[in-house]
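> sequence isn't available, so here's the structure alone:
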């Protein structure tokens, strides 16, 4: 008697269905940004344009002070449309300010944006 046992097949299909149902909502939404991975080696900031956002609201593009109104022209001068832009914002800068800066960067035509962070080990080591 040669019959095909489909019970293991049904089990595998149900497990795959559950996996897809759990992971599908996680793949949607979010910001269209390339976030750098925090690693002990760091990233090479020489290959792109570094945009610093200070606590007092001042900004620097490639170590040159700029205002929010002049940000797009400063990025164009630095060649940010052909190179990645890496935003280095202080932890105490309000989220709304960083969001406005990112909006201006995207409006300037920059498609490759990253956020510079500290490695996780350094942050854990400073906690009390």
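The structure has been received and is ready for your questions. Just so you know, these numbers come straight off a predicted model, no measurement behind them.
> need the residues that contact the top helix by length along the chain.
In the chain, assigned by DSSP state H, the helix with the most residues is helix 7-23. Taking contacts as C-beta atoms under 8 Å, 6 or more residues apart in numbering, no residue outside helix 7-23 touches it. Backbone N, C-alpha and C define where each C-beta goes, glycine included.
> can you start the count at 3 instead of 1 from here on
Fine by me, first position is 3 from now on; the one you just mentioned is helix 9-25.
> quick one: name whatever helix or strand follows that helix.
Next helix or strand after helix 9-25 toward the C-terminus (DSSP states H and E): strand 51-55.
> quick one on the thing from earlier: avg pLDDT for the longest helix of the chain?
Averaged across helix 9-25, the pLDDT comes to 93.
> and it, what's buried?
Buried residues in helix 9-25, counted by 16 or more other C-beta atoms under 10 Å: none are found.
> same question for stretch 95-104.
99, 103-104.
> contact partners for residue 90?
Residue 90 makes contact with 52-55, 117-118 under the criterion C-beta under 8 Å, 6+ apart.
> now do 6 Å
Listed by C-beta atoms under 6 Å, 6 or more residues apart in numbering, the contact set of residue 90 reads 54, 118.
> what strand or helix carries it?
Using DSSP H and E, residue 90 falls within strand 87-91.
> in that strand, which residues are buried?
Of the residues in strand 87-91, 87-89, 91 count as buried by neighbour count, 16+ other C-beta under 10 Å.
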